[in-house]
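> quick one: sequence and predicted model below, then my questions.
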Amino acid sequence: MSPKGPGEKGTLAELKVYLSDELDKRFRRIAMSVCGYGRGSISKAATEALSNWCTRHEQTTNSSPAEDIKKEKETVPASITEALHSPEDAKGEETTPSSATPA
């Protein structure tokens with residue numbers, strides 16, 4: 001069973017991350033100045049930071065892969081879509097500027 005942190009309910013997971021030395025020092029310095037120098041201050045600040053990051057990014061990643069594909073298709077200009085799915089391509093004929101324009 002994982003230890004419970006201050007104000008936390010249930011069990012806690014351990015997350016191992018790799019940070020640059022500079023970011024580690026910055027985070028620890030700011031976390032301790034904001035959350036105090038006692039036990040759990042780094043975990044409290046990290047929990048807040050990760051929670052905020054998740055909240056910010058959940059809005060863009062809550063869609064299914066099918067919805068993502070649909071959104072991508074909606075942003076592709078019609079001329080590109082038509083060119084990719086033209087009848088000439090389906091027959092195996094090569095579309096060149098000379099063969100694409102009427103004579």
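Yes, it's here.
> the helices in the protein, which residues?
Chain-ordered helices for the chain, with DSSP state H as the definition, fall at 21-35, 41-61, 65-75, 78-84, 87-91, 97-100.
> pass me the low-pLDDT residue ranges in the chain, would you?
Across the chain, the ranges flagged by pLDDT under 70 are 1-9, 61-65, 68, 71-73, 75-103.
> tell me how far the nearest residue in space to Ser41 that is not next to it in sequence lies from Lys44.
Nearest in space to Ser41, with sequence neighbours left out and distances taken as CB to CB, 6 or more residues apart in numbering, is Cys35 at 3.8 Å. Yep, even glycine has a C-beta here, placed from its N, CA and C like the rest. Distance of Cys35 to Lys44, given as CB to CB, to the nearest Å: 5 Å.
> again with Glu74
The spacing between Glu74 and Lys44, counted by CB to CB, is 42 Å.
> so these two - more neighbours on which side?
Regarding Glu74 and Lys44, a neighbour count based on other CB atoms under 10 Å identifies Lys44 as having more, with 19 against 7.
> surely that one and Gly38 touch.
No. Using CB atoms under 8 Å, Lys44 is not in contact with Gly38; the gap is 9.6 Å.
> which residues touch Met32?
Residues near Met32 by CB atoms under 8 Å, 6 or more residues apart in numbering: 41-42.
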